[in-house]
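Visitor: I'll drop the sequence and a predicted model, then ask my questions.
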Amino acid sequence: MKEDLRKSFLKEVFFEFTRIGNFIKVTVIDGTSGTEVSFIGSALVSIEELKRIGLDKLEYVLKKKGVIRGKE
């Protein structure tokens, strides 16, 4: 269900992964609004999990900015 909701408001998302020692800096950008979020994760975590965390954070920020609506 959550993936369906994401598909409806996140049409174009860019991911950037930068390895820094034992960590990975993840930057996620919404191509429509230009909103960008980033965080540092463990290099031991899968790319799919890092993407999921990034999408969760992007969704949170877009809701806070009023770009999208949804339950908090």
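Guide: Arrived safely.
Visitor: tell me who's in contact with residue 65.
Guide: By Cβ atoms under 8 Å, 6 or more residues apart in numbering, the contact list for residue 65 reads 33, 35. Where C-beta positions appear, they are placed from N, C-alpha and C, glycine not excepted.
Visitor: which parts of this protein are strands?
Guide: 13-20, 23-30, 36-42 (DSSP state E).
Visitor: for residue 66, find the nearest of those strands.
Guide: With Cβ to Cβ, the closest approach to residue 66 among the strands of the chain belongs to strand 23-30: 13.4 Å.
Visitor: residues of the closest one that come out buried?
Guide: 24, 26, 28, 29, 30 (16 or more other Cβ atoms under 10 Å).
Visitor: just how off-centre is that strand within its chain?
Guide: Using Cα atoms, centre = their mean, to the nearest Å, the distance from the centre of strand 23-30 to the centre of the chain it belongs to is 7 Å.
Visitor: measure residue 50 to residue 19 for me?
Guide: Relative to residue 19, residue 50 is positioned 11 Å away (Cβ to Cβ, to the nearest Å).
Visitor: just give me the least confident of the buried residues of strand 23-30.
Guide: Among the buried residues of strand 23-30, residue 30 has the lowest pLDDT, at 93.
Visitor: so that residue makes contact with residue 10?
Guide: Yes - counting by Cβ atoms under 8 Å, residue 10 is a contact partner of residue 30 at 6.3 Å.
Visitor: which neighbours do these two have in common?
Guide: Common neighbours of residue 30 and residue 10, counting by Cβ under 8 Å, 6+ apart, are residue 58.
Visitor: now for residue 43: which residues touch it?
Guide: Taking Cβ under 8 Å, 6+ apart as the criterion, residue 43 is in contact with 19, 21, 22, 23, 24.
Visitor: now the residues you listed in JSON lines, with distance to residue 54?
Guide: Listed next are those as JSON lines, based on distance: Cβ to Cβ, whole Å:
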{"residue": "19", "distance to residue 54": "15"}
{"residue": "21", "distance to residue 54": "20"}
{"residue": "22", "distance to residue 54": "19"}
{"residue": "23", "distance to residue 54": "14"}
{"residue": "24", "distance to residue 54": "11"}
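Visitor: for this protein, what are the low-confidence residue spans?
Guide: By pLDDT under 70, the low-scoring segments of the chain are 1-9, 70-72.
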